[in-house]
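Chemist: pasted the sequence and its predicted model underneath.
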2 protein chains.
Amino acid sequence: MIARDAYVDDVIEILRRRGLRMTPQRRAIVAEIMRTQGHISPTALTRKVQEAMPGVNASTVYRTLALLEEAGILAHAHLESGAEYHRVEEAGHVHLSCSRCGAEDDLSLEEAAALSQLIEQHRGFLPDLTHFAISGLCADCRRHVEA
Amino acid sequence: MIARDAYVDDVIEILRRRGLRMTPQRRAIVAEIMRTQGHISPTALTRKVQEAMPGVNASTVYRTLALLEEAGILAHAHLESGAEYHRVEEAGHVHLSCSRCGAEDDLSLEEAAALSQLIEQHRGFLPDLTHFAISGLCADCRRHVEA
DNA sequence: GTATATGCAAAGGTTTTGCACAGCC
DNA sequence: GGCTGTGCAAAACCTTTGCATATAC
């Protein structure tokens, strides 16, 4: 908790240095997304923020997310369900998503690095494997489908 | 051209066998998507179909796309710009998309197979690398960014 | 003739935008 | 006080759906 609050303050400091103002709404949004493990959709984030601070408008959330992404604090990824935001340090999460049962898993950093290396051999393309999920069948569903 | 028309007829035959009716609209939509190299968005497809047959409704296009996907003739992929449809035989196309300049490239079948193999080692997950694009930086943009 | 497909219009959901007002610095 | 951020409302997209009509078989 203490660590997390400190973290929120860091972000606020970064924004301040950019000449941005710290409104209660922004504080609430930043706090909520820093508290989030993994990824969250703009819609879900809006709902959560509104629990803590009713009246916060969805457009404010969208504007703040864009801001935090520009500042290099957040990034977004595309999953089957749409766009999701996560803290940049939580990247490395290469998302595996089962198209049959919806199960989600992540590749380890080592696995991700091995993949990246392979892709880099294709004309020097430097992949960001965190930006899009990887769809497919988990081991369980694979068995069901083959049966 | 001859090969393509024959191809359209094959699809029509498949649909017919499923008890589906071949309306002029469906013919036009099938013809257009079979003529398409790579992928096309529902919106773009609608526009093209309407050039050949004005009055075709977007909802008809969406319904037909869903139908063709159920029949195993088409599949869709998620690119930065949204959903795009392509013929199943054109899968294998693992999409590389440069987030800086928008350049698009594809991995070869061999490269895709190597990637899949690597991912399969993660708990037996069988990836469909064609379903989501792979975002990143092309070699050119990489140089620009590093400079 | 009958079941299915289409067009139309409306609804649904997400995201963006213009604008007046509020409030941070 | 001035400029930035917010809420509100509307618009912009994209996609889906209900329903009456048209039409393939």
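Modeler: Now that the structure is in, tell me what you want to look at.

Chemist: can you pull the contacts of the closest residue to A:Q50 other than its chain neighbours?
Modeler: Distances taken as C-beta to C-beta, 6 or more residues apart in numbering or on different chains place A:V56 nearest to A:Q50, at 5.5 Å, with adjacent residues excluded. Placement of C-beta: from N, CA and C, glycine included. Shown in contact with A:V56 (C-beta atoms under 8 Å, 6 or more residues apart in numbering or on different chains): A:Q25, A:A28, A:I29, A:T46, A:V49, A:Q50.

Chemist: ok, A:V56 to A:A28 distance?
Modeler: To A:A28, A:V56 is 7 Å away according to C-beta to C-beta, to the nearest Å.

Chemist: got any residues that touch both of those two?
Modeler: In contact with both A:V56 and A:A28: A:V49, using C-beta under 8 Å, 6+ apart.

Chemist: highest neighbour count among the contacts of A:V56?
Modeler: Highest neighbour count within the contacts of A:V56: A:I29, with 25 neighbours (other C-beta atoms under 10 Å in any protein chain shown).

Chemist: quick one, what contacts the residue positioned nearest the centre of chain A?
Modeler: Of all residues in chain A, the one closest to the mean position by C-alpha atoms, centre = their mean is A:H86, 2.0 Å from it. Residues near A:H86 by C-beta under 8 Å, 6+ apart: A:T36, A:G38, A:H39, A:I40, A:L74, A:A75, A:H76, A:A77, A:H93.

Chemist: outside of stretch A:136-147, which residues touch it?
Modeler: Taking C-beta under 8 Å, 6+ apart as the rule, stretch A:136-147 contacts A:96-101, A:103, A:105, B:119, B:123-128, B:131.

Chemist: what about the residue nearest to A:E90 when sequence neighbours are not counted, distance to DNA strand C?
Modeler: Excluding the flanking residues, the one nearest A:E90 by C-beta to C-beta, 6+ apart is A:G38, at 6.6 Å. Distance of A:G38 to DNA strand C, given as C-beta to the nearest atom of the strand, to the nearest Å: 17 Å.

Chemist: I figured A:G38 was touching A:H93, is that so?
Modeler: Yes - if you go by C-beta atoms under 8 Å, A:G38 and A:H93 touch, sitting 7.0 Å apart.

Chemist: which stretches of chain A have low pLDDT?
Modeler: For chain A, the stretches flagged by pLDDT under 70 are A:1-6, A:91.

Chemist: show me where it has helices.
Modeler: Listed in chain order, the helices of chain A (DSSP state H) span residues A:2-17, A:24-35, A:42-52, A:58-70, A:109-120, A:139-146.

Chemist: any idea which of those helices is most buried?
Modeler: Most buried of these by mean neighbour count (mean count of other C-beta atoms under 10 Å in any protein chain shown) is helix A:24-35; its value is a mean of 19.

Chemist: now, which of the contacts of A:H86 sits nearest chain B?
Modeler: A:A77 (9.2 Å; C-beta to the nearest C-beta).

Chemist: now do the same contact list for A:G19.
Modeler: Residues in contact with A:G19 (C-beta under 8 Å, 6+ apart): none are found.

Chemist: separation between it and A:A71?
Modeler: Relative to A:A71, and taking C-beta to C-beta, A:G19 is found at 11 Å.

Chemist: and A:G102, by the same measure?
Modeler: 32 Å.

Chemist: those two: who's more crowded?
Modeler: Neighbour count, other C-beta under 10 Å: between A:G102 and A:A71, A:A71 has more, with 15 against 11.
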